[in-house]
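Participant: Pasting the sequence and the predicted coordinates here, then a few questions.
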Amino acid sequence: MTRNGSLSVSGAARRRRPKRGKTLWLIVVLGALVALMCASVTVGSRNVDWSDIVAAFGGSVEGFGQAAVAKRIPRTLLAVIAGAALGVSGAVMQGVTRNTLADPGILGVNMGASLAVVTGIASFGLASATSFIWVAIVGAGVTAVFVYAIGSLGRGGATPLKLALAGTATSAALASFISAIVLPRNDIVDGVRSWQIGGVGGGTFDSISQVLPFLAVGFAICLLSARGLDLLSLGDELAAGLGERVAVARASAALGAVVLCGAVTAVTGPIAFVGLIVPHVFRLLVGVDHRWLLPFSALGGAALLTAADVVGRIVARPGQVDVGIVTALIGAPLFIYIVRRQKVHEL
């Protein structure tokens, strides 16, 4: 073989090696997720045996262990799909805004969805999960547009700091509106307060089946937007020069993220920081290519939320700590670290 041929082969090998490494990491993350799902089914206020799991899958629910498994299986599935949706939503929001601080919780999108659901319950008597999901998606979308518009005001446009501040201020205002709506209503106050914390303990096969179609649409839109997000990361002018319709790419990707975030919030309540933590971790691991980053963010988000649910059940036995609290305890210090690392002078 010629020298040029040898160089060509070695160059091709170098290009393939990162792909093999990413595939290996994908298998590792998937294996970790499966292990966490097994732990989620077996660990709780009381651990259960594999015989109870087999019996529960066989349709026999007689003792405590089998009843616990029957309850934990939909709870685990909800944690997986909700975590995956929040991870992908965060990665897409960061790509759309070119803002590494973007997250459905930090940008106020979760809280916008929550306000819409609470308003629907208090004012219009909404009761079905499907109606919650539609209303939450609308609330999330309106809030996303509002925060981006506010963050774009002034010199420099939508800078990471201005978006984070606009989102934080909007979240605080919307939380106050929620309190103002709920406090006079003793008939809904207990249910809304527990839902606002964010958790997967109320997961059922019925609620999962109702939210799955919305999540499938959201995932499809986000995955189809991967190439557009890669081009947007180069800057609007360069992306347009390469033939990308910038406004359409940004709007379609944002729509997918809003659908995922709104649908999950309607079922679990607002859960923050998953969309911030997961994309950051895997961006360091697999790079900025969204064709890889989005699947990794889905698996990583599912693993993080499942792990948070397991930890919440262990640390407070025989009670439990909702995943929204656990993810906040993990995410808040990381958020501060990211801000300090970026040396955001405008503060």
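Facilitator: Thanks, I have the structure now.

Participant: could you pull out the helices for the stretch 201-347 of the chain?
Facilitator: Secondary structure of the stretch 201-347 of the chain by DSSP state H, counting those that start in this stretch: the helices cover 205-224, 226-232, 236-241, 246-268, 274-286, 290-314, 323-342.

Participant: Just tell me which of these ends up closest to A122.
Facilitator: Each of the helices of the stretch 201-347 of the chain was scored for nearness to A122 using C-beta to C-beta, and the closest is helix 246-268 (15.3 Å). C-beta here means a position set from N, CA and C on the backbone, and glycine is covered the same way.

Participant: neighbours around L30, how many?
Facilitator: A count of nearby residues for L30, using other C-beta atoms under 10 Å, gives 14.

Participant: possible to save the helices of the stretch 201-347 of the chain as JSON lines with mean neighbour count, distance to V69 and mean pLDDT?
Facilitator: Conversion of the helices of the stretch 201-347 of the chain to JSON lines gives the following (neighbours: other C-beta atoms under 10 Å; distance: least, C-beta to C-beta, whole Å; pLDDT from 0 to 100):
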{"stretch": "helix 205-224", "mean neighbour count": "17", "distance to V69": "13", "mean pLDDT": "95"}
{"stretch": "helix 226-232", "mean neighbour count": "20", "distance to V69": "37", "mean pLDDT": "92"}
{"stretch": "helix 236-241", "mean neighbour count": "14", "distance to V69": "50", "mean pLDDT": "87"}
{"stretch": "helix 246-268", "mean neighbour count": "25", "distance to V69": "21", "mean pLDDT": "93"}
{"stretch": "helix 274-286", "mean neighbour count": "23", "distance to V69": "26", "mean pLDDT": "90"}
{"stretch": "helix 290-314", "mean neighbour count": "25", "distance to V69": "14", "mean pLDDT": "95"}
{"stretch": "helix 323-342", "mean neighbour count": "17", "distance to V69": "19", "mean pLDDT": "82"}
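
Participant: between the ones you listed, which gets nearest to I197?
Facilitator: Go through the helices of the stretch 201-347 of the chain one by one with C-beta to C-beta and the one that ends up closest to I197 is helix 323-342, at 4.8 Å.

Participant: Go through the helices of the stretch 201-347 of the chain and name the closest to A79.
Facilitator: For these, proximity to A79 was assessed by C-beta to C-beta; helix 290-314 is nearest, at 4.6 Å.

Participant: quick one, that closest one and helix 246-268 angle?
Facilitator: Calculated by axes from the mean of the first three to the mean of the last three C-alpha atoms, to 10 degrees, helix 290-314 forms an angle of 20 degrees with helix 246-268.

Participant: where does G44 land in three-state SS?
Facilitator: Of the three states, G44 takes coil under DSSP: H, G, I helix; E, B strand; the rest coil.

Participant: G154 is nearest to which of the helices of the stretch 201-347 of the chain?
Facilitator: Closest approach to G154 among those is made by helix 236-241 (18.3 Å; C-beta to C-beta).

Participant: and the helices of the stretch 201-347 of the chain as a markdown table, adding distance to A91?
Facilitator: Formatted as a markdown table, the entries for the helices of the stretch 201-347 of the chain read as follows, by distance: least, C-beta to C-beta, whole Å:
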| stretch | distance to A91 |
| --- | --- |
| helix 205-224 | 8 |
| helix 226-232 | 8 |
| helix 236-241 | 18 |
| helix 246-268 | 8 |
| helix 274-286 | 4 |
| helix 290-314 | 4 |
| helix 323-342 | 15 |
